[in-house]
Each structure stands twice: as C-alpha cells, then as structure tokens.
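# sequence-free structure coming up:
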C-alpha cells in the first residue's frame, strides 16, 4: 500500500510540474550616432563686489543712537498717544523690522 501511495504521489508531482518557458531572444543592439560635441559655455561674468562703507551693525548702532533721543512717555493711567509721538513710534518700528 505504501508503494502505491509513493508511486501515485511521484506521478502527481511529475504531472504538475511545468517546463519553464523558453528565454526571450535578446533584443538587437541599436547603434546610435555619436552625440555632437558641444563646446562648454564660458563661465558667467562675475559681478563686481559690493563695497560697503559701513557694516550692518554700524548702521544699526547709528540708527539706534539717533532714536535713543526720541522716547515716548505715557501719561499716568492712560495708553493714548499724543499726535507728536506717532512719528517716533513709527521710526522705532522701522528699526525693529
């Protein structure tokens, strides 16, 4: 009985196996014409360096010193501004930006 089971199992496995499909033929190589030689573009002209007479920190210090003389004071228990104080606040805001 074992022999019949082994033979039938072997026949079943052999019957279920498939042969691999044939490998596809390699594609023919296409010969491409050589790419035209393009001369390299000349490097872009360098812009002249910007020469500053003052550093950004020096400009900031100069503006801050100018605005130190223009302080805004409020009356006791009010938050309203006097009309003459608005330009000073605007100048301080410009420096803060």
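Arrived safely, thanks for sending. Only a predicted model underlies this, so the values are computations on that prediction, with no experimental measurement involved.
# alpha carbons only for contacts and neighbour counts from here, please
OK.
# all strands for the protein, in order.
Under the criterion DSSP state E, the chain contains no strands.
# now it, which segments are flagged as low pLDDT?
For the chain, the stretches with pLDDT under 70 are 12-18, 52.
# how about the helices in it?
For the chain, the helices defined by DSSP state H cover 2-16, 56-68, 86-96.
# among these, which is nearest residue 74?
The minimum distance between residue 74 and these falls on helix 86-96, with 12.1 Å, by CA to CA.
# And the closest one, what does it pack against?
Here helix 86-96 touches helix 56-68, going by 3 or more CA pairs under 8 Å, 6 or more residues apart in numbering; DSSP states H and E.
# how far does the helix it packs on sit from the chain's center?
Offset of helix 56-68 from its chain centre (CA atoms, centre = their mean, to the nearest Å): 35 Å.
# residues making contact with that helix?
The contact list for helix 56-68, computed with CA atoms under 8 Å, 6 or more residues apart in numbering, reads 88, 91, 92, 95.
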